[in-house]
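>>> whatever this is, show me its structure:
(2 chains)
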Amino acid sequence: MEATVARPAEVARRAGAVPAARWLVWGAFAVVLLVAPLLFPSSLGRSMLSQVGIAIVACLSYNILLGQGGMLSFGHAVYTGLGTFVAVHALLGIGNGTLPIPVSLIPLVGGVAGMFFAVLLGYVTTKKAGTPFAMITLGIGELVTAMALMVPEFFGGEGGISANRTAGKPFLGITYGPQIQVYYLLAVYTFACTAAMYAFTRTPLGRMLNAVRDNPERVEFIGYSTQRVRYFSFVIAGFFAGIAGGMYALNFEIATAEVVGAGRSGAYLLFTFLGGATFFFGPIIGGVLMVLGIGLFSELTKAWQLYLGLIFMFMVMYAPGGIASLIMMNLRVAAHRKLHRLWGWYALLTAGALVMLAGSAALIELVYHLQLGATSGPTLQYVGMTLDIGAASSWLGALAVAAIGLALFEFVRRRFALAWGRIQSEIETTMTFKEPS
Amino acid sequence: MSETPAYALELKALRKSFGKTEIIRDTNLAVMPGERVAIIGPNGAGKSTLFNLISGRFGPTSGQILLKGRRIDGLTPYEINRLGLARSFQITNIFGRLSVFENLRCGLLWSMGYRYAFWKFLADLKDANERAEQLLAMIRLEPKRDTLAINLTYAEQRALEIGITIAGGADVVLLDEPTAGMSKSETRRFVELIREVTVGKTLLTVEHDMSVVFGLADKIAVLVYGEVIAFDVPEAVRGSQRVQEAYLGSMDREGAAS
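Residues are numbered from 1 along each chain as shown, chains lettered A, B, ... in the order given. This is a model prediction of the structure:
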């Protein structure tokens, strides 16, 4: 398991030693944000890119709790969602002239709202850590969801509340009518929030939050109240969550009870974890996956949540550091010029995984069709083939492919694990030799 | 400004019970500034409990604890720490996923006034970083500066434990079995290290190794069944009939048995 132990400190130090590399990374991030809508000019593409920006800010803010503070929250959508509601109200206020602020500040309104509710609710939440913390977040999440339906004056009941983002006065021709204008505003917020949250990890409070995660007891004996550290960090996370909520309000111009719901909170947890909670950039990957997963995957198959659950399960079991840690571990191997020894294994692993996936996906689709889609006839299209829920050949064939894939994958995986372990121990040895110098 | 209190640490009629069991009963102790006191006693005498009471992990059932003349009983561990008392732990208690350097820096942030600051970069805190580097040199872990604490050897982790403890510059330091689990040669080096890094500080240690006790301490407090039965210079304690009966004899038997 040594391989999965992340080494953020080492990485951070290397980054600190080479500030040029840091500028390069941030520059690249800015360029990606800048040119992305040119690569995906369709309205769907641009809408999804806007959502990616929102999801990145939301997942990063969630990771202040999960990855940096060891706080497993099941209610983060409370802060993004309430941010959305307040932001939509602010947008309405701009529309009827009672709120004299520019539309471009709406995400900040969401941020202040998120922070306000984090100050209020977070005080109770952060009294505890660990399991009680998780329980309280769950409770508060349910509470706010119930409130959303009980107070239609503010939350708009079942239908939610909607507003118009073009309500403000145009500024230099910017009306926020076209999606591209919204995208670039959200991109600016995404970049600024990412930079600010990265900066937070390098401050005294940010570091003490890591200390509280690692060993809360010891923190109390070096002068810090763990509760305060958690609380202040929670408020900061709430602020950025609220900004994400405000960005959402601008993008969708509507807030429904669903935005504060447990489903959304769960999605933040799931995708932050998938992206990788142990590295700062993990949730950025998570945010991208969230939009792709929910937006595109759901178009491909009705069973998309089942696939998502499976992926999540496999990640928890085999790569608890998420995709970010997979990347970092392979970069380490590459840095020691040993990556070429793994390509073959990766090819074989991928082949095994694909065969397994093809078989099990066929089974899943068959079951789904049997349960939900049978009214549309006994057959279904599956990667160019026609499967029949009444035919034994379809079931047996899918089962056989899945079994062969599983056997192949497991066969390769065991040998790969040995090769991987060998390479890791080689790297450890060279590093121990180098260290005293 | 009141006059300087005579004692660095004073325990007055201290009692602690867990349920019906009285672990500390009527303990009195007065430690002068700069004194090095070793607390010895058979297993279960209440040595660790005493440390937990002083450092605020538990509140006493009755009695008083005074740090530099100020009552600290009933305060939280962090409040006590801010008043200038630091402790180490018998079981290594460090920040596993932070580097050695980060561990030390965390240990001194509060004392240098950085508190909960989120508007300053750690990299810009020149004084804190210099002090952390100094500490790193003091505990001789410079080669391991950027190693994650979890990857250190046991002896290195013990050194880091001491480093975090002294990082905040507290003038009263409690070390709970600092050499537990170390080999003879490691222990010898480690005692030297403790001596170095606690120069000028008031030091209380819980220790089982008699060579460490007699090598390190100016005074020895003997704790038996929750009571301090002797508190004197090592020679006097060694010669005390009462201590011999109550403790050192049993210690010899323990040693012979093992």
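
>>> where's the residue of the stretch 201-350 of chain A found nearest chain B, which helix or strand?
Closest contact between the stretch 201-350 of chain A and chain B, by C-beta to the nearest C-beta, is at A:G223 (3.2 Å). In this view, the C-beta of every residue, glycine as well, is placed from N, C-alpha and C. Under DSSP states H and E, no helix or strand contains A:G223.

>>> mind listing what the residue nearest to it when sequence neighbours are not counted touches?
Counting by C-beta to C-beta, 6 or more residues apart in numbering or on different chains, B:W110 is the residue found nearest to A:G223 once chain neighbours are left out, at 3.2 Å. B:W110 makes contact with A:222-224, B:78, B:81-82, B:168, according to C-beta atoms under 8 Å, 6 or more residues apart in numbering or on different chains.

>>> switch to 10 Å and redo it
B:W110 makes contact with A:204, A:208, A:219, A:222-225, B:78, B:81-82, B:116, B:167-168, according to C-beta atoms under 10 Å, 6 or more residues apart in numbering or on different chains.

>>> next one: A:L82
Per C-beta under 10 Å, 6+ apart, neighbours of A:L82: A:110, A:113-114, A:116-118, A:121, A:144, A:147-148, A:154-155, A:238, A:241-242, A:245, A:255, A:259-260.

>>> any of those residues buried? List them.
A:110, A:113-114, A:116-118, A:121, A:144, A:148, A:155, A:238, A:241-242, A:245, A:255, A:259-260 (16 or more other C-beta atoms under 10 Å in any protein chain shown).

>>> ok, back up a step: distance of the residue nearest to A:G223 relative to B:L83?
Remark: distance between B:W110 and B:L83 (C-beta to C-beta, to the nearest Å) = 12 Å.

>>> residues of the stretch 151-258 of chain B that sit close to chain A?
For the stretch 151-258 of chain B, the residues in contact with chain A (C-beta under 10 Å from any C-beta of the partner chain) are B:151, B:161, B:164-165, B:167-168, B:170, B:174.

>>> ok, so of the residues you listed, who is nearest B:Q90?
When those are ranked by distance to B:Q90 (C-beta to C-beta), B:E161 comes first, at 9.6 Å.

>>> quick check: the closest one is in a helix.
Yes - membership of B:E161 in a helix is supported by DSSP: H, G, I helix; E, B strand; the rest coil.

>>> that one: how many residues sit nearby?
For B:E161, the number of neighbouring residues by other C-beta atoms under 10 Å in any protein chain shown comes to 23.

>>> quick one: contacts for it?
Residues in contact with B:E161 (C-beta under 10 Å, 6+ apart) are A:218, B:88-94, B:103, B:139, B:149, B:175-176, B:178.

>>> now the buried members of those.
Once neighbours are counted (16+ other C-beta under 10 Å), the buried part of the contacts of B:E161 comes down to A:218, B:88-90, B:92-94, B:103, B:139, B:149, B:175-176, B:178.

>>> isn't the residue of the stretch 201-350 of chain A closest to chain B right up against B:G56?
No - between A:G223 and B:G56 there is no contact, the gap being 11.7 Å when judged by C-beta atoms under 10 Å.

>>> joint contacts of the two?
Shared contacts of A:G223 and B:G56, counting by C-beta under 10 Å, 6+ apart, come down to B:77-81, B:83.

>>> check what pLDDT whatever residue of chain B ends up closest to chain A gets.
Using C-beta to the nearest C-beta, B:W110 is the residue of chain B that sits closest to chain A, at 3.2 Å. Listed pLDDT for B:W110 reads 97.

>>> again with A:T175
89.

>>> near the closest residue to it other than its chain neighbours, how many other residues are there?
Distances taken as C-beta to C-beta, 6+ apart put A:T166 closest to A:T175, at 5.1 Å, once the chain neighbours are dropped. A:T166 is flanked by 16 other residues according to other C-beta under 10 Å.

>>> what's the answer for A:L406, then?
If we define neighbours as other C-beta under 10 Å, then A:L406 has 16 of them.

>>> dump the residue contacts of A:S61.
Under the criterion of C-beta under 10 Å, 6+ apart, the neighbours of A:S61 are A:76, A:79-80, A:111, A:114, A:193, A:197, A:236-245, A:268, A:272, A:283.

>>> what strand or helix carries it?
Using DSSP H and E, A:S61 sits in helix A:43-69.

>>> B:L122: what's it in contact with?
A:201-207, B:102, B:105-106, B:109, B:114, B:128-129, B:132.

>>> and which of those residues is nearest A:F232?
Nearest to A:F232 among the contacts of B:L122, counting by C-beta to C-beta, is A:L205 at 6.0 Å.

>>> so that closest one sits right up against B:F118, yeah?
Yes - here A:L205 reaches B:F118: they are 4.1 Å apart, a contact under C-beta under 10 Å.

>>> report pLDDT for the residue in the stretch 51-200 of chain A positioned nearest to chain B.
At 5.9 Å from chain B, A:F200 is the closest residue in the stretch 51-200 of chain A, using C-beta to the nearest C-beta. Per-residue confidence (pLDDT) for A:F200: 98.

>>> picking up where we left off before, out of the contacts of A:L82, who's near chain B?
Answer for these near chain B: none qualify (C-beta under 10 Å from any C-beta).

>>> which of the residues you listed fall in strands?
The members of the contacts of A:L82 that map onto strands under DSSP state E are A:A255.

>>> helices - which of the contacts of A:L82 land there?
Within the contacts of A:L82, residues falling in helices by DSSP state H are A:110, A:113-114, A:116-118, A:121, A:144, A:147-148, A:154-155, A:238, A:241-242, A:245.

>>> can you pull the contacts of the closest residue in space to A:M208 that isn't next to it in sequence?
Spatial nearest neighbour of A:M208, excluding adjacent residues (C-beta to C-beta, 6+ apart): A:V229 at 5.1 Å. Counting by C-beta under 10 Å, 6+ apart, A:V229 touches A:69, A:126, A:204-213, A:216, A:219, B:116.

>>> element containing A:V229?
Per DSSP H and E: helix A:226-252 holds A:V229.

>>> tell me the mean pLDDT for that helix?
Regarding helix A:226-252, the rounded mean pLDDT is 98.

>>> just the angle between it and helix A:43-69, please?
180 degrees (axes from the mean of the first three to the mean of the last three C-alpha atoms, to 10 degrees).

>>> burial measure for the closest residue to B:S211 other than its chain neighbours, as a count.
What sits nearest to B:S211 in space, not counting adjacent residues and going by C-beta to C-beta, 6+ apart, is B:T187, at 7.8 Å. The criterion is other C-beta under 10 Å. On that basis, B:T187 has 19 neighbouring residues.

>>> which residues touch the helix or strand hosting B:T187?
Using DSSP H and E, B:T187 sits in helix B:184-197. Helix B:184-197 is contacted by residues B:36, B:88, B:135, B:138-140, B:153-155, B:158-159, B:162-163, B:165-166, B:173, B:175, B:178-183, B:203, B:205, B:207, B:209, B:211-213, B:215-216 when judged by C-beta under 10 Å, 6+ apart.

>>> perfect, that will be all.
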